[in-house]
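Peer 1: no FASTA, just this:
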Ligand code: NAD
């Protein structure tokens, strides 16, 4: 019988009570390896009730003790790193090494959150008036929800849970139904680390579950990462229901290649950033923008040579540069874009369709695909493909390249490769994109800075991790206190108090 992945509620595995399920595949073979329940609205309401019951005691636990739980959690994740990475790789399809990176990037944010006692400190001003002091404190919101995508099943849940838990909130995670096992393992490890039952819960599901999380009045804040249409829907619904929301969406990340750049370094960077994880990264580079025809011709040749040498294979095999896509629908969607690129007149330099991997004929594989002479009107330039497809969109000069990245509807990440510090500084200052790399192809900010895209890559006004995360998961209370000296009395005043 096919294994059923449980929910994790109130500190234990909980079997589904409803009947709806989804398949969880091994993308390397194409076989169904498990089923995941799709929770009913009532099941989700029961999870929220569990979280609500646990939250007050957790909030009353002092911040240092809360941080110690996170510290132990990091040790446990490191203890189990290889098993977690294998599990992640077997459901997602990314390579074992890349799966470890997914988990590592998550625990780096947890490590940052161990500093929560410092980050949660308020401000204090003494003597703002006679006998008057003012101070502020950051208090948890209550129960908060995270709704996360398939492509980082460890990292993104941890980016959300770390600051939420460190701040004293209880957390309900609705992970992707495509690779749901690692989130359940993380819940088990939180419990083992000493997190009280009910403070971190995992409920599996689809729109029916999500719609409860974004409407139930007991949920105070919603953190989402996924595609732009769903990000926008969740953001507008959640804020319409009076919740805080930060929702991060899709991307089309450009890499500007200046004529003075080291083109071998650029080509290596593009190959890794374009095809790593089969292009299923929100920070993948999907558009190369060489400046000038000479740069473009040389770069296209170097990329074509490297693409031909790429090795696509089962996610847990030695030597695979990247593995399969997450499911067959993803393969069909990406193949559809490749056809559109051909139909709209782009030059196909490498076609990844129709590849098979020996012994894994049912796997969801797509070879690396490379287009040249792509223009800004084409669908393969405008839309997020989310697969192993890199397009070269040539720019006549620096200003045109800058405008292309700035004018695109997505504004997640961007990179410039150059030896010219002046150009790099100008680019970083002027480009209309949230995260910028200078000679760095995937500029995912480190844990103590914030992560967030602009334009239609992000909805909401605070970013993930860094200081913003603690602002998002807490509310500020400000206390004005007065201790009049013995015998000093002002009498009643009918005008607004000022500092005069
Ligand atoms: P998705 O939007 O399909 O799903 C994300 C989450 O939303 C999942 O938990 C899913 O169950 C839920 N969901 C799906 N349809 C829904 C609906 N109609 N109503 C309510 N909830 C729904 O995204 P995905 O395919 O899992 O992930 C890939 C996308 O995520 C890409 O667009 C990628 O760029 C984006 N992404 C963005 C970032 C970022 O930081 N900006 C990071 C990672 C991934």
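Peer 2: Here it is on my side, so go on. None of these values were measured; they are calculated from a predicted model.

Peer 1: near the ligand, which residues of the chain show up?
Peer 2: The chain comes close to the ligand at residues 147-152, 174, 176-177, 206-207, 210, 225-227, 230, 248-251, 282, 384, 386, 412, 453, 457, as judged by C-beta under 6 Å from any ligand atom. C-beta: built from backbone N, CA, C; applies to glycine.

Peer 1: out of the residues you listed, which end up buried?
Peer 2: 147-152, 174, 176-177, 210, 225-226, 230, 248-251, 282, 384, 386, 412, 453, 457 (16 or more other C-beta atoms under 10 Å).

Peer 1: out of the residues you listed, list just those in strands.
Peer 2: Residues of these located in strands (DSSP state E): 147, 174, 225, 248.

Peer 1: so who does the first one touch?
Peer 2: Which is residue 147. 174, 210, 213, 222-226, 234 (C-beta atoms under 8 Å, 6 or more residues apart in numbering).

Peer 1: tell me what it is bridged to.
Peer 2: residue 174, residue 224 (DSSP bridges).

Peer 1: show me what the helix ranked longest in the chain is packed up against.
Peer 2: Identified as the longest helix of the chain according to DSSP state H is helix 41-60. Packing contacts for helix 41-60, counted by 3 or more C-beta pairs under 8 Å, 6 or more residues apart in numbering; DSSP states H and E, involve strand 7-9, strand 132-140, strand 143-147, strand 170-174, strand 200-202, helix 207-213.

Peer 1: residues contacting the residue of the chain found nearest the ligand?
Peer 2: Per C-beta to the nearest ligand atom, the residue of the chain with the smallest distance to the ligand is residue 226, at 2.6 Å. Going by C-beta under 8 Å, 6+ apart, residue 226 touches 147-149, 248-249.

Peer 1: ok so, going back, any chance of the helices and strands packed on helix 41-60 in JSON lines, with distance to residue 422 and mean pLDDT too?
Peer 2: Listed next are the helices and strands packed on helix 41-60 as JSON lines, based on distance: least, C-beta to C-beta, whole Å; pLDDT from 0 to 100:
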{"stretch": "strand 7-9", "distance to residue 422": "53", "mean pLDDT": "98"}
{"stretch": "strand 132-140", "distance to residue 422": "41", "mean pLDDT": "96"}
{"stretch": "strand 143-147", "distance to residue 422": "42", "mean pLDDT": "98"}
{"stretch": "strand 170-174", "distance to residue 422": "45", "mean pLDDT": "98"}
{"stretch": "strand 200-202", "distance to residue 422": "48", "mean pLDDT": "98"}
{"stretch": "helix 207-213", "distance to residue 422": "47", "mean pLDDT": "98"}
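
Peer 1: now distance to residue 327 too, for the ones you listed, in a markdown table please.
Peer 2: Listed next are the helices and strands packed on helix 41-60 as a markdown table, based on distance: least, C-beta to C-beta, whole Å:
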| stretch | distance to residue 327 |
| --- | --- |
| strand 7-9 | 22 |
| strand 132-140 | 37 |
| strand 143-147 | 19 |
| strand 170-174 | 19 |
| strand 200-202 | 21 |
| helix 207-213 | 18 |
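
Peer 1: pull the most distant pair out of the ones in strands among the buried ones among the residues of the chain next to the ligand.
Peer 2: Comparing every pair within those by C-beta to C-beta identifies 174 and 248 as the most remote, at 15.2 Å.

Peer 1: one step back: how close does the residue of the chain closest to the ligand sit to residue 80?
Peer 2: 27 Å (C-beta to C-beta, to the nearest Å).

Peer 1: equivalent analysis for residue 285, please.
Peer 2: For residue 285 relative to residue 80 (C-beta to C-beta), the value is 32 Å.

Peer 1: which one of those two is surrounded by more residues?
Peer 2: Taking other C-beta atoms under 10 Å, residue 285 and residue 80 do not tie; residue 285 has more neighbours (28 against 17).

Peer 1: which residues touch the residue nearest to that one when sequence neighbours are not counted?
Peer 2: Among residues not flanking residue 285 along the chain, residue 273 sits closest, at 4.0 Å (C-beta to C-beta, 6 or more residues apart in numbering). For residue 273, the contacting residues are 255, 283-285, 415, 441-442, by C-beta under 8 Å, 6+ apart.

Peer 1: right, I'll leave it there.
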